[in-house]
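J.: let me see the structure of the following:
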Amino acid sequence: MSLRLVCDWTPFCPLSQDLGGLEGGRVPRSCCGETPCLLTPGTLCPSAADVAQQFQYAVRVIGSNFAPTVERDEFLVAEKIKKELIRQRREADAALFSELHRKLHSQGVLKNKWSILYLLLSLSEDPRKQPSKVSSYAALFAQALQRDAHSTPYYYARPQTLPLSYQDRGAQSAQSSGSVGSSGVSSISLCALSGPAPAPQSLLPGQSHQAPGVGDCLRQQLGSRLAWTLTANPPSSQATTSKGVPGVVSRNMARTRRDGEAGGTTEVTEAALVRDILYVFQGIDGKNIKMNNTENCYKVEEKANLSKSLRDTAVRLAELGWLHNKIRKYTDQRSVDRSFGLVGQSFCAALHQELQEYYRLLSVLHSQLQLEDDQGVNVGLESSLTLRRLLVWTYDPRMRLKTLAALVDHCQGRKGGELASAVHAYTKTGDPCMRSLVQHILSLVSHPVLSFLYRWIYDGELEDTYHEFFVASDPTVKTDRLWHDKYTLRKSMIPSFITMDQSRKVLLIGKSINFLHQVCHDQTPTTKMIGVTKSAESPQDAADLFTDLENAFQGKIDAAYFETSKYLLDVLNKKYSLLDHMQAMRRYLLLGQGDFIRHLMDLLKPELVRPATTLYQHNLTGILETAVRATNAQFDSPEILRRLDVRLLEVSPGDTGWDVFSLDYHVDGPIATVFTRECMGHYLRVFNFLWRAKRMEYILTDIRKGHMCNAKLLRAMPEFAGVLHQCHVLASEMVHFVHQMQYYITFEVLECSWDELWSKVRQARDLDHIIAAHEVFLDTIISRCLLGGDSRALLNQLRAVFDQIIELQNTQDTIYRAALEELQRRLQFEEKKKQHEVEGQWGVTAAEEEEEEKRIREFRESIPKMCSQLRILTHFYQGIVQQFLVLLTTSSDESLRFLSFRLDFNEHYKAREPRLRVSLGTRGRRSSHT
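T.: Next up, the predicted model:
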């Protein structure tokens, strides 16, 4: 079959001129005339030896197993075919091809679909089209940097042709080629650049039938696919012919001859420079180009006699070697550094892959140079290696190595997520080729980061030996502080392609899983919490993820975040009754259970009036249990009542039970994460403040009761009416103040803040939202209850007001005690008079009457002192209140400024204090500037 193929197909006849452009590759006419060209003796075709040689060569080509040096990507070849059809304005055919390819892909009849598509694409190309020089250069580079599954996604055109030296088959061809021009270079260049020469009109018997430069013309006419299959060892007859013919001179011989013609000076040939440059590309010093350590660059030896253009071109090419050395030095140093981490090792591996692609180019260039040396290719041929051609061929790899060198500089001293951020910064470029290169490197570099991330959000495991991940763990933190302190964000390690909100969600997801396992003792597998899991199993998954960061990646994070957080909140609410404990805090520590607090205060009064050092906690605990059983608190959950307890504060000299008593609520387990020690300390401070305010209300209630009870008894003492009036007025003033304060604390502070807290808790998406809302609630209460650091002056004034209320109670008790004792003596005296009259005796003697009048006179003389004491108390009280109101007007809190208006609603204090005469709006504006 092979013999018939060669005999029937005449392309192997060296006199053929336009072989590739004929239908089916057959020649309808002989190159000699109208009759078919038959390979028989006696015709004008070559000799039998030439035919046999051509036949053997054809059999070797047809039987070879060379494959195209392109990536076996079925989709890429199909896209090329569709683009070619669209370029030819055959959109309908392109759509039809797409549909046929889809059906072919779905059926699975063919195993090597890529081969079929590549064959169709190859057959569709026009072999008569002569490639230009530039395409030949690009073809060489593309051949060296073929794509594969692990190389840079850097697209290059499929090589159309790569002219290699392929000498003529005989001495006659060499002689005839020399007759066309002054040297063999002219004939080859004419054939290569200007296309095949026209066939002669007639041929004389015995003349040579070979056209000029037929060897190289044949190589180009056979096309790129056949040209690449040519063997690197041509027949021995060619080698001997080319060496023996003076018209064909090797590149080294030709260069030496020209040097001699220049005057006998010793010059460095361009061929030697090319060989040196190829060594420099690998970081090896050549004979004439060496590394200058002082200036950190490659330089041509000064003694080398070179033209300025060759010297400049060599220096420009040597930059590639300098870039290679820079990248290679970085990878060699970092590859053995274990502390560089997985991300750093991935970066080094990506650089190694790029260097391997670069080495492929160098291997092709070396083989091309070796082939030229073996075949003696002339300098100046299209297929020969020159500095200028190297400059063109290495343009793209130089751009890539520059990008890699810039990455190496930018990534110095970085590791982990910080290194990934540095690489990601270089993807923001307008050059699509450079962006594709950096994106490929980023997909390799970010693969360990994404592996850490998926392992963390789906399993709660953190295996970060070299501290590369942006989630940090502190193994010294105990379980009770796991949520707050054990896991934190390393902000410097957050990759720039992950937002702060995403990183916060990633932290919460893994933290929630660990919190459930370690604190809640919930061993539910994460597969039941999170429906779908996906891990970055390969760098390709990471690359796919980068193409859709805003949707795919965000969707994975959001799904894991919502499902994990929802499961955690359900466990806390249902299993550990978090919301019930929160309401218990409000009822007991914030005095929300009114009947319980009032009854408890009544039961505790006999105990709390005693000195603090005489109190016993077990006695107070018994009173607490009595108050619980006697009020609606008994209907609360036993778990809540079990946690309610009494606490005695640190005792100071002179303290009573009212000063050291406090309620306490024990928290542990998962709920202690929300109600931390700091939070319970805030609750204790608020309880003491509210307990003191409640006690003031309790005292004023007792004062009012005393007024109502004693007013009727003391009607018999008209001289005492003024004292009673002053007591009543001062007590009413204090009642108004305390009632307004209670209203402000209860409704504007506690109830409003609690309503906001409850609304936020019901809408919370994760535990952090609940903790944050609870902290805001406590901070608001602390601030508006005058317990903050900036309200210390207000709190001191308020405590002074409370002290005046206690002072009024003590003063009134003293006055009422003296008045009641006087009233009792008067009643006894009148009773004694009546008794004597009944007995028939004189009612009183003169001595007794005088004694009685003296005692009454002394009592009446003490009344002004009582009034003076009340006036002094009133003066001190009003002065403290006025100062308190002035401080309220300058407060930054608007609710406190309006509190001053309610406390002085009838402008009683405003008339006494000029600083209170400024309008409320002006006070607010003034306070905003202070």
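J.: how about the strands in the protein?
T.: Taking DSSP state E, the strands of the chain run over residues 289-292, 297-300, 471-473, 487-489, 644-648, 661-665.
J.: how about TSV for those, with distance to Gly321, mean pLDDT and mean neighbour count added?
T.: (Glycine included, C-beta is placed from N, CA and C.) As requested, these are exported to TSV (distance: least, Cβ to Cβ, whole Å; pLDDT from 0 to 100; neighbours: other Cβ atoms under 10 Å):
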stretch	distance to Gly321	mean pLDDT	mean neighbour count
strand 289-292	8	89	17
strand 297-300	6	88	18
strand 471-473	42	94	18
strand 487-489	43	94	17
strand 644-648	79	94	17
strand 661-665	75	95	19
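J.: distance to Leu916 added to the ones you listed, as JSON lines?
T.: Below are the strands of the chain laid out as JSON lines (distance: least, Cβ to Cβ, whole Å):
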{"stretch": "strand 289-292", "distance to Leu916": "86"}
{"stretch": "strand 297-300", "distance to Leu916": "82"}
{"stretch": "strand 471-473", "distance to Leu916": "55"}
{"stretch": "strand 487-489", "distance to Leu916": "50"}
{"stretch": "strand 644-648", "distance to Leu916": "40"}
{"stretch": "strand 661-665", "distance to Leu916": "36"}
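J.: and of these, who's closest to Tyr816?
T.: strand 661-665 (26.9 Å; Cβ to Cβ).
J.: send me the closest one as CSV with only the CA atoms.
T.: The C-alpha coordinates for strand 661-665 follow below in CSV (Å, rounded to 0.1, in the frame of the first residue of the first chain):
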residue,chain,number,x,y,z
PHE,A,661,-27.1,43.0,100.4
SER,A,662,-27.4,41.8,96.8
LEU,A,663,-29.2,39.1,94.8
ASP,A,664,-27.1,36.8,92.7
TYR,A,665,-27.8,34.5,89.7
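J.: quick one: contacts of it?
T.: The contact list for strand 661-665, computed with Cβ atoms under 8 Å, 6 or more residues apart in numbering, reads 584-585, 588-589, 604, 608, 615, 620, 624, 643-649, 675, 680, 683-684, 687-688, 691.
J.: which helices and strands does the longest helix along the chain pack with?
T.: Longest helix of the chain, by residue count under DSSP state H: helix 792-838. If you count contacts as 3 or more Cβ pairs under 8 Å, 6 or more residues apart in numbering; DSSP states H and E, helix 792-838 packs onto helix 677-713, helix 721-743, helix 846-889.
J.: pLDDT of the last one, averaged?
T.: Put plainly, it is helix 846-889. Over the span of helix 846-889, the pLDDT mean works out to 88.
J.: and that helix with helix 792-838, angle?
T.: 160 degrees (axes from the mean of the first three to the mean of the last three Cα atoms, to 10 degrees).
J.: which elements pack onto helix 846-889?
T.: helix 721-743, helix 792-838, helix 894-903, helix 908-912, helix 920-929.
J.: distance to Pro448 and mean neighbour count for those - can I get that in CSV?
T.: As requested, the helices and strands packed on helix 846-889 are exported to CSV (distance: least, Cβ to Cβ, whole Å; neighbours: other Cβ atoms under 10 Å):
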stretch, distance to Pro448, mean neighbour count
helix 721-743, 61, 17
helix 792-838, 53, 16
helix 894-903, 53, 17
helix 908-912, 71, 15
helix 920-929, 53, 12
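J.: which of these sits closest to Lys83?
T.: Across those, Lys83 has its closest neighbour in helix 920-929 (67.7 Å, Cβ to Cβ).
J.: give me the neighbour count for the spatially closest residue to Lys486 that is not a sequence neighbour.
T.: Excluding its sequence neighbours, the residue lying closest to Lys486 (Cβ to Cβ, 6 or more residues apart in numbering) is Val477, at 4.0 Å. The number of residues packed near Val477 is 15, by other Cβ atoms under 10 Å.
J.: quick one on the thing from earlier: are any of the contacts of strand 661-665 buried, and which?
T.: 584-585, 588-589, 604, 608, 615, 620, 624, 643-644, 646, 675, 680, 683-684, 687-688, 691 (16 or more other Cβ atoms under 10 Å).
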